[in-house]
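Student: Sharing a model that was predicted from the sequence below.
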Amino acid sequence: MSRKTTLYTMLMVCTLVFLTASGCGSGTEESATAEEAAPRNLTTTSTASVTSTVPGTKGSVAPDFALKRLSGGELQLSSLQGKAVIVDFWDTWCPPCVKALPHLQELSVQYDQDLVVVGVAMGRQGEAKVRQFTQDKGLTFEMVLFNNDPQLIKAFGGIQSIPTTFLIDREGVIREKWVGGFGKAEYERAIKAVLGS
């Protein structure tokens, strides 16, 4: 094997390791400034709890959305105000997503009185694949389908890779943002802080 081929192979392996560790490219290269993507406020968020006006960052108001539920009907994020909410942008083809989803499932059951987990399936392989995947993996938390609206991506600050996961407090303010898949303990630490336990 030539030196050039060896260097190329090493570069490709390093790139693959980085993508697996940090998340998968979502194919959505949108980013936004505060002016381009001012989120629609959730109903009665206290201004004292808002510490950022930059969309999709910790301390900013979570943007509202209404997306099609896999189970039927539509889910509006603002209808969940009063509970802590995890919003996880993911897809079936993404290894870090697949690794993180069981942790979110466990947490949705463990904290079911105070926490709602919402999976936003990007659905690149289609709705049928998302349905089959969620059934096969036993995912029972709220699952909605992304509607390919670039304004939603902008409102969340631009999703550059998946999974991208947000923890929203009871007042509708983003308290944590994770890019890439994490273990249960990392998610749970932030959930406990938001729930005050």
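Tutor: Looks like it arrived, so ask away. Residues are numbered from 1 along each chain as shown.

Student: What segments of this structure are strands?
Tutor: 24-25, 66-69, 74-76, 84-90, 115-121, 142-145, 161-162, 164-168, 174-179 (DSSP state E).

Student: right, and these - which one's nearest residue 60?
Tutor: Residue 60 sits nearest to strand 174-179 of all the strands of the chain, at 5.4 Å, using CB to CB. C-betas here are computed from N, CA, C, even on glycine.

Student: Strand partners (parallel or antiparallel) of that closest one?
Tutor: Here strand 174-179 has these sheet partners by DSSP bridges: strand 164-168 (antiparallel).

Student: Run the angle between the partner strand and strand 115-121 for me.
Tutor: Taking axes from the mean of the first three to the mean of the last three CA atoms, to 10 degrees, one finds strand 164-168 and strand 115-121 inclined to each other by 150 degrees.

Student: where does the protein dip in pLDDT?
Tutor: Counting by pLDDT under 70, the chain has low-confidence residues at 1-23, 25-48, 197.

Student: mind redoing it with 90?
Tutor: Residue ranges of the chain with pLDDT under 90: 1-55, 197.

Student: For it, which segments count as helices?
Tutor: For the chain, the helices defined by DSSP state H cover 3-22, 95-110, 127-137, 150-155, 184-195.

Student: follow-up on the earlier one: can you list the strands of the chain in a markdown table and add distance to residue 127 and mean neighbour count?
Tutor: Putting those into a markdown table (distance: least, CB to CB, whole Å; neighbours: other CB atoms under 10 Å) gives the following:
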| stretch | distance to residue 127 | mean neighbour count |
| --- | --- | --- |
| strand 24-25 | 19 | 16 |
| strand 66-69 | 9 | 15 |
| strand 74-76 | 15 | 14 |
| strand 84-90 | 14 | 25 |
| strand 115-121 | 8 | 24 |
| strand 142-145 | 6 | 21 |
| strand 161-162 | 17 | 23 |
| strand 164-168 | 21 | 24 |
| strand 174-179 | 25 | 19 |
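
Student: mind putting the ones you listed in CSV, distance to residue 53 included?
Tutor: Below are the strands of the chain laid out as CSV (distance: least, CB to CB, whole Å):
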stretch, distance to residue 53
strand 24-25, 28
strand 66-69, 23
strand 74-76, 23
strand 84-90, 19
strand 115-121, 23
strand 142-145, 26
strand 161-162, 24
strand 164-168, 16
strand 174-179, 12
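
Student: For residue 151, find the nearest of those strands.
Tutor: By CB to CB (comparing all of the strands of the chain), the closest turns out to be strand 66-69, at 12.5 Å.

Student: which residues touch that closest one?
Tutor: 74, 75, 76, 77, 120, 142, 143, 144, 145, 146, 147 (CB atoms under 8 Å, 6 or more residues apart in numbering).
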